[in-house]
Each structure stands twice: as structure tokens, then as C-alpha cells.
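Any chance you could fold what I've pasted below:
(2 chains)
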Amino acid sequence: MIIDENARYMESHEWARPGDGVYFIGVTDYAQSTLSDVVYVELPEIGDRIEKDEQFGVIESVKAAADIFSPLSGEVVAINERLEDEPELVNASPFEDGWLIQIKPTQLEDEWDTLLSPLEYKEVVEAEEASH
Amino acid sequence: MTEPLIYELSVPGREGVKPPQLDVPPAELPAELLRDDLPLPEVSEIDTVRHFVRLSQLNYAIDKGMYPLGSCTMKYNPKVNEVAARMPGFLGAHPLQNPETVQGALYLMYHLQEALKTITGFAGVTLQPAAGAHGELTGVLIMRKYHLDRGDTKRDIILVPDSAHGTNPATTSMSGLNVVEIPSDERGNVDIEALKTQVCDRVVGIMITNPNTLGLFEEQIEEVTQLIHGCGGLVYGDGANLNALVGVMRPADVGIDVMHFNLHKTFSTPHGGGGPGSGPVGVAEHLVEFLPGPIATLVGATDEGYPVFDLHKPEKSIGRLKAFWGHFGVLVRAYTYIRMLGDAGLRGVAEHAVLNANYLLSRVRDVYPLPYDRICKHEFVVEGKFENAPGIRALDIAKRLIDYGVHPPTNYFPLIVHEALMIEPTETESKRSLDAYAEILLKIAAEAQAEPELLHGAPHNSPVRRLDEVTAARNPVLRYEHEF
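The predicted model follows:
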């Protein structure tokens, strides 16, 4: 299982990572492997305001539909349009080509440190795997 | 062998229907309404009959063998239900007839309402909703109206356990309210401590299924209803699993305020491809005035002493939910089922459903991992994975079951169990058929270790082999493209 050392995480298996003056948001490798083959991704629109811990999209796989929650508050400045035709990118490359949205955070200083470090997230996943 | 589409059987000029001779003056159709691009198949009568008979023979149904989707999907439909539904007085009734001329139909609706009240302990019932999710919508709109009617406008939250059916959050959104999810505890019950942190004066109510979708009785159901009532909220009972309770426990007695019943599941009427559902809603006394109308009501008696029925709409009704009188044909079948079984028979439904599920569970529990190790109600959830067969998933087991000529159980639900296999045999299965199903499950578990390719390649003997579900979901072809 891949864990990106430069990202921060939520217990609900989303990640956020700085890059190009914005923050990328996606779902983790563990999330995509649990969901199995992703068939559809529903994303917000550019310009939408999203709040930390609130739902901003849905991922549908052959097994289930899962809500996606935002690790950070901010304004959506880009969405990954490739996912419309290639939702499988979430499976193949959850931390790179399969990113979901880019945002301009509005409360980064308060919110960033509340997220899980890669090590903390690894423990969350291990605990979850042990319980199933 | 697969069956071609009826369009592929089409031959230009072939016809199966000879219209009768014209007995009215001929009239030309307006030219703008004529079209020649409708790809209607041209087939003879015998082509049509054979096509549909072949399709019916490819179909697997509960009339053919074990079908452990259970009352959650469809249990056995006794044939006497059909006899009643085909009685000419019911079959020929028109929904616009004057109530005076359909007293028999109203008698049946009234007594079905009364029977459902007796079974559940509620004070009022509407037969209007078309099916389960429609019943949920009815129930939540009633809860919303109850608060608004008291001038309490701040409530906008419905609490939904994480084991709930997906229709519960969908219903909440349809009603303009917001969902807050409540986790389950380690015994598979609603987590009471988590629930306590969410009860407040913004809560419209909770939607709870009991037994829940893990097939487990909510052991703290009364604590849940007391907590919700304590904050002024109402308790919605999802009746999807009522099959485990009929004749044993009345939902109203544990503090449930409103609940829908799936007549097409618990009360054995055909649906899905076989016909419409029906989702009546029962409510406690304080919600009766909000029920949707019309409701069949006993209004008096004739001089000869026969009862007289009419239809009425409660004063503060949320309004109509359905044209006419609900799915009347389904009501006839459900009423027949209830009357044929009687009080003791209905209790026997719940008892045998629970006994059968626990028996089947006891046969497979040492081999299939059991995430919540408890006595189950009418269904149980195991994990479709084995430590000694790491590549095998629930889907492989489900597909391999088809090779043995039986129907797979529900898989990948509830979502809180990984690789879930949810097995509900229902009350009608004999020990022999339960044993046969258990033997197949155990054999597949042995194959998973010894010959996993048998599972990965399954099904081997069906008209079509394993479908490419991923491509079908990513690139669905929703319309037959006709070549002219």
C-alpha cells in the first residue's frame, strides 16, 4: 500500500498535499483498493466553496458509492476532468493522475495541523485492516 | 446458449397479430404523427412465444430453487394470493367507481389496515405508498410536518445508522433534510455513546431498521427511542426486516412512531419484474392526523346490518402520495396472505425465518468468518474471504454458487462488512434445502483453497459466463442500436 509522505490525511481516507501554489485533494491508495474498480466520480464545480469535513463529491465503484469529504476548507480552483472518461485513474494512481480537485485553502493555518501525518494515517489503516 | 434479442429475430413483413375487421368508419392518421423510424420487431406468433418461453426457462426464480436473497428481496409467493387477486370483483373494479359500488374492495382495504395495526401496534395506517422507499418518503414527510405543525421550524437533521439501507439517506435528502451518520458498535448495534453526542433540538428523528441490516436485533432499541424522544425527535422504523418480528414484537411498543411495511416482501406479494410493490405506513396516535389520504373508513351500517365503508382524508394530511388507492392488486394478495396464516401462522413466519437463518449459520460459521458473532434474526452476514485462500473474494463465491444451480446471496451489503455475504433463507425452506445449501457453501470454501481457479472462472455452466461488470458500469450501452 502506498502512502504519500508529502500529504496529510483524514480518517475517512482522503488526502491533501501542497503543489503549484494550490492544494491537491484525493483519496488514498487504501480507499481505492477497498472500493475496488471505480466507475464514476462526481466532483464539485470550479468556484464552489467547500468546508473541511463536509462532503464535496461521490465515488462510485462496482461495489458501492462512497461520499468524499474535504480535508481543508477553500475554493475549488480545478477539478480533474480526465476522471470523466477515465475514472480508473483513481485506482491506478490515487496520489498522482487520480487526484480529484485543487483548492485554494482559506483556513490552512488552523486546519493543516489537525490532519493526520503519514505515520498516523498508516496506523489508522492498520487498525482498520485488523478489525475486518 | 444465449437468447437473441427479439429485434434480432425480426424479419421484415412478418407479423403475429391480425387485427379484426374495421367496424368503424376509417380515419386517416395525421401525416405529422406518422413515423417510419420506430424499430418495432416484426415476428410471428410462434417466434414470440418461443422467445419468451426460452427467456423464462433461462430465468432463475424462487419457484425453481433456493433463493437466499430472502424477504429483503422476495420470498415465496403462495399461489392462493393469485387466486384472490383474480376474483372478478377485484379484477374488474375501476378506480373511478363510486365508493358505494366497491364496498368489497373498501372492506378489504379497511381490514388490511386493521390487520397491519394489530401486527405493529400503530394507531393509523395508510395504504397509499407505492413501495418501500415511497413509504419512507411518506413517513419522513409526516415527521417533518409534525414538527412544523407545532411551530418547531429549526429541525433539519435525520440521524441514520451506518448499517442502514441506502434508501434512508436518499429519503432524507428527498425530504429536504440533512443526514448525520451514526456508527455501529462492536456488537453491531447503534453506538449509543455516539448517538448521545448527536441528539439535539435540530433532530427531526432517527431512521432505524430493526433487526438491522446485519440481521441483528438492536439490543438497545428502547434506549435509542428514549434518547430521540428526549430531544423532541421522532423514531422512524424501516420495515424492511419486519419478517423477523411479525407476531412476536410490535414496533410501536418499543417507541417507534412511524414505520413502513413492505407488503411485497414481508407479506409475500410478487414485485420487481413480476409486478408493483406496496409500502403502507403505520403511525402512532400523535401522527394519525398527518397521514396521506384517502384512508378506508368504517362509517356505519346498512339496515340489514352490513358495514358501510367510505374513503376519507385526515385533517392535517400531508396530501396525496399516489394516484387512486395505492397498488390495489398487491393489497389483495397481502390481505390474503395474512388471513390464510392467521395469528399463529404469522408468528410462525418470524419463528421459522429466525430458526432457519440460525441453523444455516451454525452449519457454515466455522468456515466463513463471522464479523459479529451473535444469534442472528432472519438473516446473517458472513465475510466471503478465507485466510488460506487470499485471492478469493465474495464475488467469486457468489458466482461459483451459480454453478451448483442455486442463487447467490446478497453480496457487498451492508457496506460496514468487507466482502459481505448476506444470507436470508426465509421461513419456507426445509431442513433438507438448508442442508443442501450449506453443503454447497462448504464445498466452495474447500475449492477456494484447493482449486481457486474454479471460483475465479465461475460461473462455468450458465448461458453467459462472468460479466465484465467494470466495463458495463464505465461504458454502459443503454439502448439497442437498430440497423435499418
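
From now on I want contacts and neighbour counts done on CA atoms only, so please keep to that.
Noted.

Spit out the contact partners of residue 43.
In the absence of a named chain, this looks at chain A. Applying C-alpha atoms under 8 Å, 6 or more residues apart in numbering or on different chains to A:Leu43 gives the contacts A:Phe56, A:Gly57, A:Val58, A:Ile79, A:Leu100, A:Ile101.

meant chain B, my bad for not saying
B:Leu9, B:Ser10, B:Val11, B:Arg14, B:Glu15, B:Gly16.

how about it, phi and psi?
Main-chain torsions, B:Val43, degrees, to the nearest 10: phi -140, psi 160.

Could you check how far it is from chain A?
Distance of B:Val43 to chain A, given as C-alpha to the nearest C-alpha, to the nearest Å: 37 Å.

Report pLDDT for that residue.
B:Val43 is assigned a predicted lDDT (pLDDT) of 96.

B:Val11 too?
94.

Then A:Leu100?
Per-residue pLDDT puts A:Leu100 at 98.

what's around it, how many residues?
A:Leu100 sits with 25 neighbouring residues when counted by other C-alpha atoms under 10 Å in any protein chain shown.

Return the per-residue confidence for B:Asp37.
Per-residue pLDDT puts B:Asp37 at 79.

again with B:His260
97.

Over to B:Tyr76?
Per the predicted model, pLDDT is 93 at B:Tyr76.

re the thing from before, among the contacts of A:Leu43, which two are most distant?
The most widely separated members of the contacts of A:Leu43, counting by C-alpha to C-alpha, are A:Val58 and A:Ile79 (13.3 Å).

and the end-to-end length of stretch B:63-73?
14 Å (C-alpha to C-alpha, to the nearest Å).

for stretch B:302-321, same thing?
31 Å.

Same question for it: list its buried residues.
Residues of stretch B:302-321 classed as buried: B:Val308, B:Phe309, B:Asp310, B:Lys313, B:Lys316, B:Ser317, B:Ile318, B:Gly319, B:Arg320, B:Leu321 (neighbour count, 16 or more other C-alpha atoms under 10 Å in any protein chain shown).

Got a quick ChimeraX command for the buried subset of the contacts of A:Leu43?
To isolate the buried ones among those in ChimeraX, judged by 16+ other C-alpha under 10 Å, type:
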select /A:56,57,58,79,100,101
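
May I see the contacts of A:Leu43 arranged in TSV, with distance to chain B and secondary structure as well?
Output for the contacts of A:Leu43, formatted as TSV (distance: C-alpha to the nearest C-alpha, whole Å; DSSP: H, G, I helix; E, B strand; the rest coil):
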residue	distance to chain B	secondary structure
A:Phe56	14	strand
A:Gly57	15	strand
A:Val58	14	strand
A:Ile79	19	strand
A:Leu100	18	coil
A:Ile101	21	strand
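
Pick out whichever of the contacts of A:Leu43 sits closest to B:Leu346.
In terms of C-alpha to C-alpha, no member of those lies closer to B:Leu346 than A:Val58, at 41.9 Å.

mind listing what that closest one touches?
A:Val41, A:Glu42, A:Leu43, A:Ala65, A:Ala66, A:Asp67, A:Ile68.

buried stuff in the host helix or strand of B:Arg432?
Assigning secondary structure by DSSP states H and E places B:Arg432 in helix B:431-450. Using 16+ other C-alpha under 10 Å as the test for burial, helix B:431-450 gives B:Leu434, B:Tyr437, B:Ala438, B:Ile440, B:Leu441, B:Leu442, B:Ile444, B:Ala445, B:Ala446, B:Glu447, B:Ala448, B:Gln449.

burial count for the residue of chain B found nearest chain A?
Going by C-alpha to the nearest C-alpha, chain A is nearest to B:Arg474 of chain B, at 4.9 Å. As a burial measure, B:Arg474 scores 19 neighbours (other C-alpha under 10 Å).

Quick check: it touching A:Tyr40?
Yes: contact criterion C-alpha atoms under 8 Å: B:Arg474 and A:Tyr40 qualify, at 7.0 Å.

Go ahead and confirm B:Phe90 touches B:Leu106.
No: B:Phe90 is beyond contact range of B:Leu106, at 10.4 Å (criterion: C-alpha under 8 Å).

neighbour count winner among these two?
Set B:Phe90 next to B:Leu106 and count neighbours by other C-alpha under 10 Å: B:Leu106 wins out with 22 against 17.

Which element, helix or strand, includes that one?
Per DSSP H and E: helix B:103-120 holds B:Leu106.

Please spell out which residues along that helix are buried.
B:104-110, B:112-117, B:119-120.

quick one: B:Tyr236 from B:Lys265, how far?
Look at B:Tyr236 and B:Lys265: by C-alpha to C-alpha, they are 19 Å apart.

now swap in B:Leu370 and tell me
As judged by C-alpha to C-alpha, B:Leu370 and B:Lys265 stand 26 Å apart.

so where's the chain shaky on pLDDT?
By default, I'm working from chain A. Judged by pLDDT under 70, chain A has its weakly predicted residues at A:132.

try again with chain B
B:1, B:273-275, B:482-484.

that older thread, so how far is the helix or strand just after the helix holding B:Leu106 from its chain's centroid?
With elements assigned by DSSP H and E, the helix or strand that comes after helix B:103-120 is strand B:124-126. Distance of strand B:124-126 from its chain centroid, counting by C-alpha atoms, centre = their mean, to the nearest Å, is 19 Å.

Next, the buried residues of strand B:124-126.
Those would be B:Gly124, B:Val125, B:Thr126, for strand B:124-126 by 16+ other C-alpha under 10 Å.

Surely the first one and B:Phe290 touch.
The reference is to B:Gly124. No: applying C-alpha under 8 Å, one finds B:Gly124 not in contact with B:Phe290, separated by 9.9 Å.

Not counting sequence-adjacent ones, nearest residue to B:Arg320?
Of all residues not flanking B:Arg320 in the chain, B:Pro292 sits nearest, at 5.4 Å (C-alpha to C-alpha, 6 or more residues apart in numbering or on different chains).

Around A:Asp53, how many other residues sit close by?
For A:Asp53, the neighbour count with other C-alpha under 10 Å is 14.

Hmm, it is touching A:Leu72, no?
Yes: the pair A:Asp53 and A:Leu72 qualifies as a contact (C-alpha under 8 Å) at a distance of 7.4 Å.

residues in chain A within reach of chain B, list them.
A:Asp37, A:Val38, A:Val39, A:Tyr40, A:Val62, A:Lys63, A:Ala64, A:His132 (C-alpha under 8 Å from any C-alpha of the partner chain).

same thing but 10 Å
Proximity of chain A to chain B (C-alpha under 10 Å from any C-alpha of the partner chain) is limited to residues A:34-40, A:60-66, A:84-88, A:129, A:131-132.

From these, which land in helices?
A:Thr34, A:Leu35, A:Glu129 (DSSP state H).

List only buried entries from these.
Applying 16+ other C-alpha under 10 Å to these flags A:Leu35 as buried.

gap between B:Asn262 and B:Ser44?
When distance is defined by C-alpha to C-alpha, B:Asn262 is 40 Å away from B:Ser44.

quick one, which of the two is more surrounded?
Set B:Asn262 next to B:Ser44 and count neighbours by other C-alpha under 10 Å: B:Asn262 wins out with 30 against 16.
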